[in-house]
Each structure stands twice: as structure tokens, then as C-alpha cells.
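Colleague: Got a sequence here, can you build the structure:
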Amino acid sequence: MVALIHPRNDALSVHPPAGDQYLTTNGSDWLFTVTAIFGFSALVLYALKFRARAGERFFHYLFIIANLVGLIAYYAMASDLAWDPVRQANQVGRSGVIRQIFWAKYVFWVVAFPTIIIALGVLSGIAWATIFFNVALSWVWIIGYLVAAYTPSNYKWGFFAFGLLAQIFLALSTLQHGLRSATRVGIKGDYFALAGWVNLLWLLYPIAWGLSDGGNYIGVTPSFIWFGILDVLLLTGVGFGIVFLSRRWDYGRLNIAFTQYGRVPHHPGTFPEKNTTATPAAGTTAPAV
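Modeller: Next comes the predicted model:
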């Protein structure tokens, strides 16, 4: 019976790390903790969607998917998978070292960041073109960081700067255009709190990246503690914040009520499926009532 219980984390024994900067057992334990948080969050959100009215589960669906992706990505990293050994540029007082670069972290961001952007965009009522633009900006930001992480020379900081520029454009769009649109639909306070929290956390990502995958000033395990806290506060925190705040929002006024015919036009109380009048075929007349 005791043999069936494994309280010890043996992930690094099964999948040994490599390089000079690598994931430790304590780091793997922390990543498994974050994995559990994302898994639990996905289950809670899935349960909460049954309490939401039909047509008002859009945010539930968004964050359930994102948390499931976080579950997969962090499970892979906790198991010491989904990484490559990359030689880092020389730093002052040290020779070049080989560091574990976990690409699963960037895959998670490719899903998590757009989830936040889409939720804020739909909530504020900005145009779909602006939402798509913001999502594309987040991908440019992440791709810039990913390419920089795999660049062994100091040319990595050029890619980092490109990604940072995209992040600045994204912040201006969410705080300026999004806030103006949210004011128009009457949820300025809630939107400002959510967008402000998101951009505050996003402000810490370039610092964390510059000290870890970029500058190699902190090890893999300390960097994962930093990124793990940021990812949980960002995705799980904003996800539950939006889901609980949405209970007091008027989906009709916000024009985000969804039905079997898609997004309902901005006509309070108008739902296409309630119209039972059939459209007469060409060349015929409607029956008299």
C-alpha cells in the first residue's frame, strides 16, 4: 500500500534537466502547485457556468479554455518537459552559460493574453477590428520575447525591444480606447479596475523576462516563482473577477448577449428566436391572419 503512494516528486529523475541554469525539484513542486490552481479554476468556472443564464456564458467559456491550457502548459513544465538548452550571452563577470528555456511558457501566453484581451474588448464594446488588432499585438509581444530567448547573443535585446513596443501599443489601446468605449456603455468603474489590474501585471512581465530568460540574472526556479505568481494573478484573478462582476451587468445594454442566432443587436428585449413569423418564399404571399 505504501508503495502505491509517491509523496516525493521524481519528475526530474524521470526527465533530467540539463545545462548550467536548470529547474530544481523545489521549482518543479511549485509548478505542480500552479498546475493544480489552474485545474481547480477550470473546474470551478465550469460549475459556475450552470448558474449563468443562457446567452451569458461567454466569459465562462473563454476562461475555462485558457485555464485548461494553463493546466497543460504548467504540467509539462513541472514535469521538466517542453524546453530547450540555450546558451546565454556573456554577462559581466561570468562566462556564457547554458540555460533551460521552456517554450511551453510562451505557448501558454499565446492563449492567456488574447483571452484577457478578448474579454476586455467584448466587455467595453470596442469594435471587433480593434479587438483583433490588440490580439495581434499580444502575439507580436510574445513572439518577440520567444525569439529573444533563443538568441544566444546580445542581439536578443533588439527582439525584446520590438516586443516591448507592441506591449506599449497594447496598453494604450486597452486603457484609452477601451476605457472610452466602456464609459459609453456605463461600466467605466468596473472596466477601469479590470484593465488597470491587467496592465499593472503586464508591466511586471518585461522586468521578470529581462532578469530571467533575457539577462540570466536569476535562475530558472526563481523565475518560475515570479512568472507563476503573475500568471495566476492575471488569468485566474481577472477571470473570476469578470465572472463575478458580470452578474450585475446588463448584457442587453452592453450588446454582449449571445443567442442561437449569434450576438444580439442593441435593441433591449429583442431576441431573434422569439420571432416566430416565417418569411414567405419568393413568389408567394404570407397567409392571412
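Colleague: low-confidence ranges in the protein?
Modeller: Scanning the chain for pLDDT under 70 picks out the ranges 1-7, 54-55, 90-95, 253, 255, 257-289.
Colleague: Just want the most central residue of it.
Modeller: For the chain, the residue nearest the mean C-alpha position is residue 112 (1.5 Å; C-alpha atoms, centre = their mean).
Colleague: Could you identify the helix or strand that succeeds the helix or strand encompassing that residue?
Modeller: Here residue 112 sits within helix 103-124, counting by DSSP states H and E. Downstream of helix 103-124, the first helix or strand assigned by DSSP H and E is helix 128-149.
Colleague: ok, which stretches of this protein are helices?
Modeller: Secondary structure of the chain by DSSP state H: the helices cover 11-14, 25-48, 58-78, 103-124, 128-149, 156-172, 178-185, 188-209, 220-231, 237-245, 251-254.
Colleague: Tabulate these (JSON lines), appending distance to residue 97.
Modeller: In short, each C-beta sits where N, CA and C put it, glycine included. Conversion of those to JSON lines gives the following (distance: least, C-beta to C-beta, whole Å):
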{"stretch": "helix 11-14", "distance to residue 97": "19"}
{"stretch": "helix 25-48", "distance to residue 97": "17"}
{"stretch": "helix 58-78", "distance to residue 97": "20"}
{"stretch": "helix 103-124", "distance to residue 97": "19"}
{"stretch": "helix 128-149", "distance to residue 97": "14"}
{"stretch": "helix 156-172", "distance to residue 97": "14"}
{"stretch": "helix 178-185", "distance to residue 97": "41"}
{"stretch": "helix 188-209", "distance to residue 97": "17"}
{"stretch": "helix 220-231", "distance to residue 97": "11"}
{"stretch": "helix 237-245", "distance to residue 97": "34"}
{"stretch": "helix 251-254", "distance to residue 97": "51"}
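Colleague: and residue 69, what is it in contact with?
Modeller: By C-beta atoms under 8 Å, 6 or more residues apart in numbering, residue 69 lies in contact with 107-108, 111-112.
Colleague: how does it look with 6 Å?
Modeller: Going by C-beta atoms under 6 Å, 6 or more residues apart in numbering, residue 69 touches 108, 111.
Colleague: how close does it get to residue 135?
Modeller: Here the criterion is C-beta to C-beta, to the nearest Å. By it, residue 69 lies 15 Å from residue 135.
Colleague: Same question for residue 31.
Modeller: Plainly put, residue 31 is 27 Å away from residue 135 if you go by C-beta to C-beta.
Colleague: Which one's more surrounded, those two?
Modeller: Neighbour tally, residue 31 and residue 135, criterion other C-beta atoms under 10 Å: the higher count belongs to residue 31, 27 against 18.
Colleague: correct me, but the more buried one touches residue 76?
Modeller: No. Taking contacts as C-beta atoms under 6 Å, residue 31 lies outside contact range of residue 76: 9.2 Å.
Colleague: so what's in contact with these two at the same time?
Modeller: The overlap between the contact sets of residue 31 and residue 76 (C-beta under 6 Å, 6+ apart) is empty.
Colleague: For residue 10, give me phi and psi.
Modeller: Backbone geometry at residue 10, expressed as degrees, to the nearest 10, gives phi -110, psi 20.
Colleague: one step back: figure out which of the helices of the chain is closest to residue 89.
Modeller: Comparison of the helices of the chain against residue 89 by C-beta to C-beta identifies helix 156-172 as nearest, at 6.8 Å.
Colleague: what helices or strands is the closest one leaning on?
Modeller: On a contact count with 3 or more C-beta pairs under 6 Å, 6 or more residues apart in numbering; DSSP states H and E, helix 156-172 meets helix 128-149.
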